[in-house]
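Asker: I need the structure of the sequence given here:
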Amino acid sequence: MLTMILGPMKSGKSFELISHFAPLKYTDIPYALYQPEKNVRDEHIKSRNGLSIEAKKIKSLWEILPDNMLVVGIDELHMFNEKEAGAVEQLLKRGAKVIVSGLDMDYRGKMFGIVKRLLELGPKEVKYRRAVCEFCKNPEATYTQIFQGDKIILQDIPSVNVDNGALIYKAVCRNCFKKQNNEMCML
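Answerer: Now for the predicted structure:
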């Protein structure tokens, strides 16, 4: 069984992932949570409301396979490449329950390859979270825009960046999202 929790920055994806796993510590069910080494912002999976849960940092989703867990959680899914969807498929074939969370689209509004590949596996559930637009305060933000200071970044950086504080990630609604050669209504 595959569950996907998707949406823009600051939409509560990690909080929802934590809520799936917090009760498991009181059971005998073998479970583990993972996040990419590229995520240098946090040591654990951490939600913006202060909750956190331990997770193992990994370079590749293929590292999960030898752990033989019945329930697997993956945060920051978008930081893995699309070929690693094969590892998730193998987990599902052997009967593991897999719950993933991450951005669905990059700063240009393009879906991440790994998200596309996992959607092709026919997840049991896709939960789409929305955020509050950081410009107009519309609670229907579905995009993540990247800024360097006050300057919007529209091109020339990779889809996945190490979050080391040099760039600012903002949730924006459809009306405020700016694509290359398009004007954003609030800037």
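
Asker: tell me the centre residue of this protein?
Answerer: By Cα atoms, centre = their mean, the chain has its centre lying nearest to residue 102, at 1.0 Å.

Asker: My guess is it contacts residue 112. True?
Answerer: Yes. Look at residue 102 against residue 112 with Cβ atoms under 8 Å: they come within range, at 7.5 Å. All C-beta atoms are positioned from the backbone trio N, CA, C, and that covers glycine.

Asker: Mutual contacts of those two, please.
Answerer: Common neighbours of residue 102 and residue 112, using Cβ atoms under 8 Å, 6 or more residues apart in numbering, are 77-78.

Asker: ok so, going back, now do the phi/psi pair for the closest residue to the residue nearest to the centre of the chain other than its chain neighbours.
Answerer: Distances taken as Cβ to Cβ, 6 or more residues apart in numbering put residue 77 closest to residue 102, at 3.2 Å, once the chain neighbours are dropped. Torsion angles at residue 77 (phi, psi; degrees, to the nearest 10) stand at phi -50, psi -40.

Asker: still on that earlier bit, who's in contact with the residue nearest to the centre of the chain?
Answerer: Residues near residue 102 by Cβ under 8 Å, 6+ apart: 5-6, 13, 74-79, 112, 115.

Asker: if we go to 10 Å?
Answerer: Contact analysis of residue 102 by Cβ atoms under 10 Å, 6 or more residues apart in numbering lists 4-7, 13-14, 17, 35-36, 74-80, 112, 114-115, 118.

Asker: likewise residue 148?
Answerer: Neighbouring residues of residue 148 by Cβ under 10 Å, 6+ apart: 157, 166-168.

Asker: so where do the helices sit in this protein?
Answerer: Using DSSP state H, the helices found in the chain span residues 13-21, 85-93, 113-119.

Asker: where does the chain have low pLDDT?
Answerer: 40-42, 158, 160-165, 180-187 (pLDDT under 70).

Asker: where do the strands sit along it?
Answerer: 2-6, 31-36, 45-46, 52-53, 56-58, 71-74, 97-102, 125-128, 143-148, 151-153, 168-172 (DSSP state E).

Asker: and residue 135, which of those is closest to it?
Answerer: Ranking these by proximity to residue 135 (Cβ to Cβ) places strand 168-172 first, at 6.2 Å.
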